[in-house]
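Peer 1: model this:
(one chain, ligands or ions: 1)
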Amino acid sequence: MRLIAENLSGERGGETVFSGIGFALGEGQALLVTGPNGSGKSTLLRIVAGLLPAAAGRVHLQGEGDDSASVAGNCHYLGHHNAMKPTLSVTENLAFWRDFCGDARLDTEEALEAVGLGGIGHLPFGYLSTGQRRRTAIARLLVSYRPLWLLDEPTSGLDKASEGRLAGLMKAHCQAGGIIVAATHLPLGLEQAEELRMGGNA
Ligand SMILES: Nc1ncnc2c1ncn2[C@@H]1O[C@H](COP(=O)(O)OP(=O)(O)OP(=O)(O)O)[C@@H](O)[C@H]1O
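Peer 2: Numbers count the residues shown, from 1 in each chain. Here you go, the predicted model:
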């Protein structure tokens, strides 16, 4: 499977934020989207995820015998918000996402242990600290398999140990043939990743 973006333009509020963006990523590859505040990193990720229409160009998946496979149906999108219900427990939130996304992988407790949150599944999500909430959102990537991870500032709110755990999870995902596109201001510990620098294309 390959993720291909061709000649993408992004608009916000009728203004062009970027244009002429293209990339092609094969299995096991990661792309770090960097650039100053407002350069369009989140806009690009939202377009790739299918949450915003591109003003021009297109994004598609190629390979696996089904070139019509949708990016949206093959990705986990981790945005700035964690997409969890505060009154449901951590386990209930993860179980919802596992059922919604399908292709179950780790059970909820295993996923929580992978992000260093074993034993807190019974707590309402709303009780968690900022970093614990982000780690729960990262655990969501593990309860269902999706080959493409679209991560917007995934380290936001994480301590050093959690950054290290996330780096390990991302490496394992790539080693298993997954693809990652991550918007970031910080190195993510993915030495082989390519970089797409935003900010000079609008
Ligand atoms: N809903 C919106 N309506 C109008 N303009 C918007 C909207 N969302 C974002 N923008 C504008 O689009 C531009 C790109 O924003 P975007 O969030 O993609 O940048 P970014 O590179 O991710 O920034 P940061 O590093 O601060 O997260 C900014 O100028 C922003 O003000």
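Peer 1: residue 189 against residue 160, yeah?
Peer 2: No - contact criterion CB atoms under 8 Å: residue 189 and residue 160 do not qualify, at 11.0 Å. (Each C-beta comes from the backbone N, C-alpha and C, glycine too.)
Peer 1: next, the buried residues of the strand or helix carrying residue 133.
Peer 2: In the assignment (DSSP states H and E), residue 133 maps to helix 130-143. Residues of helix 130-143 classed as buried by neighbour count (16 or more other CB atoms under 10 Å): 131-143.
Peer 1: can you tell me which of these is nearest residue 99?
Peer 2: The closest of the buried residues of helix 130-143 to residue 99 turns out to be residue 143 (CB to CB; 9.3 Å).
Peer 1: if I pick the residue lying closest to residue 2 once chain neighbours are set aside, what's in contact with it?
Peer 2: Spatial nearest neighbour of residue 2, excluding adjacent residues (CB to CB, 6 or more residues apart in numbering): residue 62 at 4.5 Å. Applying CB atoms under 8 Å, 6 or more residues apart in numbering, we find residue 62 in contact with 1-2, 4.
Peer 1: now do residue 182
Peer 2: Residue 182 is in contact with 30-33, 149-152, 154, 170, 188, 190, 193, counting by CB under 8 Å, 6+ apart.
Peer 1: swap the cut-off to 6 Å and go again
Peer 2: 32, 151, 188 (CB atoms under 6 Å, 6 or more residues apart in numbering).
Peer 1: quick check: phi and psi on it?
Peer 2: phi -130, psi 130 (degrees, to the nearest 10).
Peer 1: where's it relative to the ligand, distance?
Peer 2: 12 Å (CB to the nearest ligand atom, to the nearest Å).
Peer 1: looking at that residue now. What's its pLDDT?
Peer 2: pLDDT, residue 182: 98.
Peer 1: what about the spatially closest residue to it that is not a sequence neighbour, which helix or strand?
Peer 2: Computed as CB to CB, 6+ apart, the closest residue to residue 182 that is not its neighbour in sequence is residue 151, at 4.2 Å. Counting by DSSP H and E, the element that carries residue 151 is strand 148-152.
Peer 1: which residues touch that strand?
Peer 2: Contacts of strand 148-152 (CB under 6 Å, 6+ apart): 42, 45, 48-49, 74-80, 179-183.
Peer 1: again, only using 8 Å
Peer 2: Residues contacting strand 148-152 (CB under 8 Å, 6+ apart): 3, 41-42, 45, 48-49, 61, 71, 74-80, 141, 170, 173, 178-184.
Peer 1: so which bits of the helix or strand just after it are buried?
Peer 2: Using DSSP H and E, the next helix or strand after strand 148-152 towards the C-terminus is helix 160-175. By neighbour count on 16+ other CB under 10 Å, the buried set for helix 160-175 is 162-163, 165-167, 169-171, 173-174.
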